[in-house]
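Colleague: Predicted model follows, preceded by the sequence.
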Amino acid sequence: MARDKYGLSRRKLLGGLGAIGVASAGTGLGTSAYFSDEESFENNSLSAGELDLKLDYRATYAGGPGRLNEVDSWYSEDGPGEPFDVKEEEEGVYLIGEVPSPTEQEDWPSEVQQQDFCAPDAGLINGDQIPVFTLEDVKPGDSGEVTVSLHVCDNPAWIYMNGELTANDENGQTEPEEDVDETGGDPGEGDGELADAIRTTLWYDENCNNVLDRGDGETDSDPLCVQLVLDTSGSIGGDISTVETAANDLANDILGANDDNRTGATLFARSAEVENSVGSDWEDLSGLSSGGTTNMSDGIDEAGDDLDNCPDDHDRIMVIFTDGEPNSESDTLDEADALDDDIELFAIGVSGADEEFLNELTTGDEDNGENTFVVTGDTNEQDAIEQVFAQVSETITGGEEVILEDTLANVMSDLEKGVALDGNRSTEEREPFAGAMTHCLGFEWEVPTDVGNEIQTDSVAFDLGFYALQSRHNDDPPAEPFNGTYQDDNGLPNETANASD
């Protein structure tokens, strides 16, 4: 299929369609003896939509303790990396890049879930190349991680990730390396072994916390009781059917993650009632209707009582969904404070929801949005609601999906062809990324401790990029949109991050 069909990138948007002419009907006949009337369709216009992909990121380097000054020098004004004030966040782990910067945002993982990063003054990466990793003296046991936050502005889009291994150099050989590596190699020539030694993982970082939560049996966890507390007030309107579908999907995801998990649902508007008890088998919500005010405090109270039916060996979770402010914020916070201490709160906010209030509701801190997931912007668009519910589902079950996991050389080989990303990981079919949504991807590399002297003095460099295509009229997008990172006529990739070790 011709690639031009999918050619709407951020730089190559729809051409503007100007105002079109007026069509009028009816003419006065010059005498009051006849009825006359005049109707017209005036000021008709069509405007092109917008498709803009913006990025922010947070990168860390685990390179051993006592190296702050050394690592910081690589990211100084005179260093090879993007200028940044490096910080040692914990012993031997260094923050080497963050957009928005820590001077603007105190808690990056929380802020990227909430801010309207499509605003013109958000200051994110929007077409510029940023060197994320520019590291020297990397040794076995070192690792690095970058979580990239993707924001599709306005229209939904299919998103691809692409990349390229741009260098894998030997850079000569030390005496220990000569004993185990017969490839030789002069400085600058691509005979190095480092790209084949580095282990690399790419995954959907649902809660944007820079950590892969595998949820695949590597860690033991107690079964769950998850109570959904759903706003069905009048402001939900026609989106109530979407909320119903998204809530059913989340509940069934929880049940499918562990045979012992249990789910329930409490609805609130003027008052609240338990629709499904965690003490009974789950029955999919059906025929929900909206209307009334937003008595969230009553919803939390009823849901908390129902969680008393949860078996003692289960962890208890409450997920509150709303599209606005509660009747009384103080009463709602009081009800949340009155819950048993072992109940963990999550919040999903869309449209007019107050993010700071939801942060305080879930964590007791307006600035800590670790358990708050929102759709930014003024939209209750169907796909966005379903996708934000799916993000919470993946976070609760701890089953973040791995996209690629292999050597750096092999991962980059796959990325050269373009890897199609999925806007909703809780469904079987690939879906486009909804507008006004934030999605995070984690990319981690590690030099294994058992690698030998063959990598001494070797170096690698690689590029990472993301590419957005409009989803409207693109029902069957290509699985591999291009071969080679820089071979597309439309200026691929959209946004690029560079890295070198």
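Modeller: Happy to help now that I have it. Numbering: from 1, shown residues only.
Colleague: C-alpha from now on. contacts and neighbour counts both.
Modeller: Fine.
Colleague: Where does pLDDT dip in this structure?
Modeller: In the prediction, the chain carries residues with pLDDT under 70 at positions 1-52, 101-131, 154, 171-190, 215-220, 377-381, 452-453, 480-501.
Colleague: Show me what the longest helix along it is packed up against.
Modeller: Within the chain, and with DSSP state H defining each element, the longest helix by residue count is helix 240-257. Judged by 3 or more CA pairs under 8 Å, 6 or more residues apart in numbering; DSSP states H and E, the packing partners of helix 240-257 are strand 224-231, strand 262-268, helix 382-397.
Colleague: Mind putting the ones you listed into TSV with distance to Leu361 and mean neighbour count?
Modeller: What follows is the helices and strands packed on helix 240-257, written out as TSV (distance: least, CA to CA, whole Å; neighbours: other CA atoms under 10 Å):
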stretch	distance to Leu361	mean neighbour count
strand 224-231	13	27
strand 262-268	16	27
helix 382-397	16	23
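Colleague: of these, which approaches Ser241 most closely?
Modeller: Counting by CA to CA, Ser241 lies closest to helix 382-397 out of the helices and strands packed on helix 240-257; the figure is 9.3 Å.
Colleague: nearest residue to the residue nearest to the spatial centre of the chain other than its sequence neighbours?
Modeller: Note on the chain: the residue nearest the mean C-alpha position is His439, at 1.2 Å, using CA atoms, centre = their mean. The shortest distance from His439 to any residue other than its chain neighbours is 5.2 Å, reached at Leu150 (CA to CA, 6 or more residues apart in numbering).
Colleague: from memory that neighbour sits against Gly442, does it?
Modeller: No: in terms of CA atoms under 8 Å, Leu150 does not count as a neighbour of Gly442; the distance is 11.1 Å.
Colleague: Between those two, which has more neighbouring residues?
Modeller: Applying other CA atoms under 10 Å to Leu150 and Gly442 shows that Gly442 carries more neighbours, namely 25 against 21.
Colleague: Double-check that Thr166 belongs to a helix.
Modeller: No: Thr166 is assigned strand when assessed by DSSP: H, G, I helix; E, B strand; the rest coil, not a helix.
Colleague: Can you give me the distance of it to Leu250?
Modeller: As judged by CA to CA, to the nearest Å, Thr166 and Leu250 stand 41 Å apart.
Colleague: in the stretch 151-300 of the chain, which spans are helices?
Modeller: 175-180, 194-197, 240-257, 296-306 (DSSP state H, counting those that start in this stretch).
Colleague: which residues touch the last one?
Modeller: So the one you mean is helix 296-306. Around helix 296-306, the neighbours that count as contacts under CA atoms under 8 Å, 6 or more residues apart in numbering are 227-231, 265-269, 271-274, 277-279, 318, 326-328, 331-333, 335-336, 339.
Colleague: quick check, distance from that helix to the centre of its chain.
Modeller: For helix 296-306, the gap between its own C-alpha mean and the chain's C-alpha mean amounts to 30 Å (CA atoms, centre = their mean, to the nearest Å).
Colleague: shouldn't Ser351 be in contact with Asp323?
Modeller: Yes: between Ser351 and Asp323 a contact is recorded at 5.4 Å, counting by CA under 8 Å.
Colleague: So these two - more neighbours on which side?
Modeller: When Ser351 and Asp323 are compared on other CA under 10 Å, the one with more neighbours turns out to be Asp323, at 23 against 19.
Colleague: Contacts only, for that one.
Modeller: Contacts were defined as CA under 8 Å, 6+ apart; by that measure Asp323 touches 231, 235-236, 349-353.
Colleague: Would you reformat these as a markdown table and include distance to Asp383?
Modeller: Supplementary listing: the contacts of Asp323 in a markdown table, determined by distance: CA to CA, whole Å:
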| residue | distance to Asp383 |
| --- | --- |
| Asp231 | 18 |
| Ser235 | 18 |
| Ile236 | 15 |
| Gly349 | 14 |
| Val350 | 12 |
| Ser351 | 14 |
| Gly352 | 17 |
| Ala353 | 18 |
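Colleague: wait, which of these is closest to Gly97?
Modeller: Relative to Gly97, and with distances defined as CA to CA, the nearest of the contacts of Asp323 is Gly349, at 28.8 Å.
Colleague: nearest residue to that closest one other than its sequence neighbours?
Modeller: Excluding its sequence neighbours, the residue lying closest to Gly349 (CA to CA, 6+ apart) is Val374, at 4.6 Å.
Colleague: Next, count neighbours for the one you found.
Modeller: By the criterion of other CA under 10 Å, Val374 has 30 neighbours.
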